[in-house]
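Q: I would like to see how this sequence folds:
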Amino acid sequence: MTTATALGKGARYRSGDGCQFSSKKCPPGVGMDMTCELPFGFVWTPMAPCPEGNLAVVDCKGEALPPVLCISCLTYINQHAKLHPRKKVWECPLCGSDENVLDPALVEEGGLLSSALSTTTVEFRQQFHVPDAPAKIQCETYILVLDSNLSRDEANAVGMAIQATIAAREDDGTEVKIGLIVFDKSVAMYQLGLSGMASADLCTIKQANSDEHLANRRIQIQCRPYLASVKAGDDDLPSLWRCLSAVYGTTLSGDGIDVDSSPEEAPRPLSRLEKLKHRKEARQREQAEKNKQPDMSPVPQESPWIKAQNRQASGHPHRCTGEALQCAIDLATVSQSKTASRSHVLLFTNGCPNLGDGSVVASTKGKKTRRSSNPSVQRLKPDVIEPERLTSAVQYFESLSETAQEHEVGIDVFCTGAHELGLPVFQAMVEPSGGYVIPHETFTTPHLKHNLGFLLSETFLSKSKRETSDSTVAPSSSHSSTELEGCLVDMRIAGFLSATHLVGSGELLDEDHKGLLNNERSAFAVGASLAAGRGFATNELPATEAVNETLTRLSLGRFDPLATLSVMLRVNEEYPMDDTAFFQCVVRYVEKDGQTLVTRVCSHQMPVSKDTSDFLESVDEEVVPVLLGKEAVYRSMFGREISDENEVVLAPDKEQLERLAYEAQRDLDATIQRVSGAYRLLCLEKSLKSISVASNGGASSSLDFAFPPDLAVALGRLFHLRRGPLISIEPIQSTDDRAEIRSMFLRLPLEDCLHMMAPSVWSSGSVLVGEALRESVPAETLSLWDHCIIAADHEDQLFVWSGQATLKPEYDAIREQFKEFLLERSQNRFPMPMLHMLAEGDSMSRRFTSRLSPSHADPPDQQLAHFPALSTLSTEELSALRSKFRFYDPNADPSFRGWFWGVASAASNSKDMGLSLCE
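A: You can find the predicted model right below:
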């Protein structure tokens, strides 16, 4: 992605302003009591496009960086550096070194670095010039791995989505190649390069495990036309459609599925009763077809491939996913060695791996199964995933995907189906390359095209195509032949601060990988030479101790504008505090052309607060809950700590997930209790009135005396997080759904996380009186008035809910307005959300109402105080509204106030039951 493209789409990513801190000021001292038990840290989306005016671009006019590094700690020069024009040096804001010689020509008006000293974010762009190497990445290869158990319509939809994505590409001279692999009991590699016919090489499970077959397969890949070349912008893929038609019976033109239809036209999710009804109708149609007179025509009505698929459909579906993925990786790696290319494996499946390597299901070989003699009453049992085999499968696919990553092959997975998928297995496939696992209700909706288009156009593996020296050796070390791989992230933090929690994608690198990078060598060499010319000692530089103590380095699998890191910090006792705290975050990636290295530098500086009250007044009500929320969700997946002493559970079973979720809830409760207790003590030390007025312009409820008023909205979001699928175990969401949403929450930007924590709700007001409005209302059950229409946004789910008195057609215009409002609000969101049109009394409306806080459990006076609009209802209407929720257990699902006062009261033992999320 070029900078121009990124800036053009900056409206989608609002996290492009650099690091977003939980406070505008640094804590005043050591200990959680100095922050009122609140977290201090930041959320950063390194590769999010920057808004216009917030980014300065420095074109280095070649390979070499100018002398922009502090020769002591390797910090980049920035707007917070102190310039001394007379001495011609600049002072580093991180380590304080003032022996960095300044070239005045670079910083004068019009100089190369003049813009770098006036903005928070700076991009340095370097061009690679490699002898005897291609000028750019010449080819992008997409290997499609399709489950033969997909329905005909879903396979057709996959082909349509691929075709639409390629047709939307700009013709930049890059060749696109497509490969197709279909799997069930065996793996079929189709020769898409052949014209006029569908031909495939078949590989069985036994063959896949033999060394001889692996060697022969690589030779075949080099000799046979498994890949078909397609021009960017081409909307016709005849070879792909020919092979899909042979396997699934799809039409060659891809007609029948409109992937460009809008989300509201997509099939809505069906209730269980509707699904049973449709299945019954399908069985009746099938029986009616069997009762017809047989066709005596000698011409076959179906191809042998279709007949074989129909016969297989009547039996248990098989998926040798591991062997299919191995074939895809071999095809990608061997093919890309012929040219400068980048490969992408796209897996489409509707079930878990149940055969061969990576299977999560126990083998049925040798076991007797009992089947009915009447085919019409046979029922196929779904696969039962075994925890032990799930763990082994995760390890297998981790190893396989790491091999793919080493060969610059990215993997993404698209899932569908009604049965358990074993999602941790697919997450293990994509993790090394920074890929995504995207479950879909069905592939026949516009969601597949939208999600696939984002992955193929906005994300890519970042890797240079040139011989470089080792990426982290000292300046005097000899060169070796390794490549710059992945996206490298640096976080430099003031010496008196230490990072305690880090949540997000990527791999944390140790101290052996914190040295000077290749692209920085020339800049350091020039800077050191200038310093030596002024008489400064440079033989012990850069200072290894200073670099190791202030630098945290990570490696990310791919360029992804949504990839986000959250970091919690604390003041340490080892170094004296300064008056200000300096932070610099750097991300490096190679653009799609493989020849342009981008180094984006974000620098921030903030004052140290005078005391706890001063710190509390500067907190950010959006960043604080996201910091705590990401840590809580992380603990619900992996536990409180991961160390060499604790065994890492790769694929926790149901009991382990429940235990982890319970501990995460207890830890969140303990955090809230400690914040409340610290705030009350602070109020006793200071004037209660002055703190309350300064924070919120006057206390309005008892809650303001028990929790910082500026964080009241944040507290509500944390409550919704606690009771929702991100942490809790609830019956509405399956294990796979929870695994997917939790994984997405850990990697998405701040704004998306806020939407995921708590739904945003709007009401039309009473449609019976006056013109319909669209006013924000609390996300609680007492917002569900009979004569109102509700719109709600919960990131991946959009809802339009209609009360009983609004079901008449005359109110369809209001529903349409709310629908358009939600679609416009989420039009560029990834993954594409599902829109639900619900009515009061529908069984499916539980999907929405379960996400609302049960405020009907509060006393009437508190209900009115929290939601004043209830006072406009008559006594009868208010009574009817409360009576909607008669079947309710306050112990199982407490209201917000019931939960908070149960946790924050002086008699609560919450802080002893859990561990603070900040610890």
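
Q: Quick one: distance of the helix of greatest length in the chain to the chain centre.
A: Of all the segments of type helix in the chain, defined by DSSP state H, the longest one is helix 654-685. Counting by CA atoms, centre = their mean, to the nearest Å, helix 654-685 is centred 26 Å from the centre of its parent chain.

Q: list the helices and strands the helix or strand hosting Val145 packs on?
A: Per DSSP states H and E, Val145 falls inside strand 139-147. Here strand 139-147 touches helix 152-167, strand 175-183, helix 321-336, strand 341-349, going by 3 or more CB pairs under 8 Å, 6 or more residues apart in numbering; DSSP states H and E. For glycine as for every other residue, the C-beta is placed from the backbone atoms N, C-alpha and C.

Q: in the stretch 51-200 of the chain, which spans are helices?
A: Assigned by DSSP state H, counting those that start in this stretch, the stretch 51-200 of the chain shows helices spanning 104-107, 152-167.

Q: among the ones you listed, which is nearest Lys610?
A: helix 104-107 (33.9 Å; CB to CB).

Q: which outside residues touch the closest one?
A: Contacting residues not belonging to helix 104-107 are listed as 66-67, 83, 85, 88, 111-114, 117 [CB atoms under 8 Å, 6 or more residues apart in numbering].

Q: repeat that with 10 Å
A: 58, 66-68, 77, 81, 83, 85, 88, 90, 111-117 (CB atoms under 10 Å, 6 or more residues apart in numbering).

Q: if I look at Pro432, how far off is Ala198?
A: 33 Å (CB to CB, to the nearest Å).

Q: more crowded one of those two?
A: Counted by other CB atoms under 10 Å, Pro432 and Ala198 do not tie: Pro432 has more neighbours, with 24 against 21.

Q: Hmm, that one is touching Ile411, no?
A: Yes: between Pro432 and Ile411 a contact is recorded at 8.2 Å, counting by CB atoms under 10 Å.

Q: Spit out the residues that contact those two alike.
A: 397, 400-401, 404-405, 557.

Q: which among those gets closest to Thr564?
A: Closest to Thr564, out of all of these and judged by CB to CB, is Gly557, at 14.1 Å.

Q: Return the distance of that closest one relative to Thr459.
A: In terms of CB to CB, Gly557 sits 10 Å off from Thr459.

Q: Quickly list what's touching both of the two.
A: 410, 433-435, 563.

Q: Now intersect the residues you listed with the strands, please.
A: Gly410 (DSSP state E).

Q: Report the two of the shared contacts of Gly557 and Thr459 separated the most.
A: Gly410 and Ala563 (13.4 Å).

Q: Name the residues contacting each of these two.
A: 434, 459, 557.

Q: next structured bit after the helix or strand where Glu824 lies?
A: Glu824 belongs to helix 812-825 when assigned by DSSP H and E. Downstream of helix 812-825, the next assigned helix or strand under DSSP H and E is strand 834-839.

Q: Run through the neighbouring helices and strands of the very next helix or strand once past that following strand.
A: The helix or strand immediately downstream of strand 834-839 is helix 846-849, counting by DSSP H and E. Taking 3 or more CB pairs under 10 Å, 6 or more residues apart in numbering; DSSP states H and E as contact, the helices and strands that helix 846-849 lies on are strand 789-793, strand 797-802, strand 834-839.

Q: Excluding chain neighbours, give the residue nearest to Tyr396 in space.
A: Gly358 (4.7 Å; CB to CB, 6 or more residues apart in numbering).

Q: Sorry, slip of the keys, the one I care about is Ala116.
A: Val122 (4.4 Å).

Q: Any figure for the gap between the one you found and Phe348?
A: From Val122 to Phe348 the distance is 41 Å (CB to CB).

Q: how about the strands in the stretch 1-150 of the chain?
A: 20-21, 40-44, 55-59, 82-84, 89-91, 100-101, 121-127, 139-147 (DSSP state E, counting those that start in this stretch).

Q: In JSON lines, list those along with mean pLDDT.
A: Shown next, in JSON lines, are the strands of the stretch 1-150 of the chain (pLDDT from 0 to 100):
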{"stretch": "strand 20-21", "mean pLDDT": "96"}
{"stretch": "strand 40-44", "mean pLDDT": "97"}
{"stretch": "strand 55-59", "mean pLDDT": "90"}
{"stretch": "strand 82-84", "mean pLDDT": "90"}
{"stretch": "strand 89-91", "mean pLDDT": "93"}
{"stretch": "strand 100-101", "mean pLDDT": "92"}
{"stretch": "strand 121-127", "mean pLDDT": "91"}
{"stretch": "strand 139-147", "mean pLDDT": "93"}
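
Q: Just say which of those strands is most tucked in.
A: strand 40-44 (a mean of 26; mean count of other CB atoms under 10 Å).

Q: Show me how far it is from its chain's centre.
A: On CA atoms, centre = their mean, the centre of strand 40-44 falls 17 Å from that of its chain.

Q: Direction included, what does that strand pair against?
A: strand 20-21 (antiparallel), strand 565-571 (antiparallel) (DSSP bridges).

Q: Measure how buried the residue lying closest to Val361 once chain neighbours are set aside is and give me the count.
A: Excluding the flanking residues, the one nearest Val361 by CB to CB, 6+ apart is Asn354, at 4.1 Å. Look at Asn354: counted by other CB under 10 Å, it has 23 neighbours.

Q: isn't Asn354 right next to Cys320, touching?
A: Yes: shown here, Asn354 and Cys320 form a contact pair, counting by CB under 10 Å, at 8.4 Å.

Q: quick one: the strands in the stretch 501-650 of the chain?
A: Using DSSP E, counting those that start in this stretch, strands in the stretch 501-650 of the chain cover 507-508, 551-556, 565-571, 580-590, 596-607.

Q: Output the last one as CSV, nothing but the C-alphas.
A: The reference is to strand 596-607. In CSV, the C-alpha atoms belonging to strand 596-607 read as follows (Å, rounded to 0.1, in the frame of the first residue of the first chain):
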residue,chain,number,x,y,z
THR,A,596,10.4,0.6,-1.0
LEU,A,597,11.2,0.4,2.7
VAL,A,598,9.0,2.6,4.8
THR,A,599,10.0,3.6,8.4
ARG,A,600,7.2,5.4,10.2
VAL,A,601,8.2,7.2,13.4
CYS,A,602,5.7,8.5,16.0
SER,A,603,7.1,10.6,18.8
HIS,A,604,5.2,11.7,21.9
GLN,A,605,6.1,13.7,25.0
MET,A,606,3.9,14.4,28.1
PRO,A,607,4.5,16.1,31.4
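
Q: buried stuff in it?
A: 596-606 (16 or more other CB atoms under 10 Å).

Q: I figured Gly453 hits Ala164, correct?
A: Yes: with contacts counted by CB under 10 Å, Gly453 reaches Ala164, the gap being 7.4 Å.

Q: circling back: compile the helices and strands packed on strand 139-147 into JSON lines and extend it with columns for distance to Pro833.
A: Listed next are those as JSON lines, based on distance: least, CB to CB, whole Å:
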{"stretch": "helix 152-167", "distance to Pro833": "17"}
{"stretch": "strand 175-183", "distance to Pro833": "29"}
{"stretch": "helix 321-336", "distance to Pro833": "28"}
{"stretch": "strand 341-349", "distance to Pro833": "20"}
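
Q: Arrange the ones you listed in CSV, one row each, with mean neighbour count, distance to Thr416 and mean pLDDT as further columns.
A: Listed next are these as CSV, based on neighbours: other CB atoms under 10 Å; distance: least, CB to CB, whole Å; pLDDT from 0 to 100:
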stretch, mean neighbour count, distance to Thr416, mean pLDDT
helix 152-167, 23, 7, 92
strand 175-183, 23, 16, 93
helix 321-336, 24, 14, 90
strand 341-349, 24, 8, 92
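
Q: Much appreciated, bye for now.
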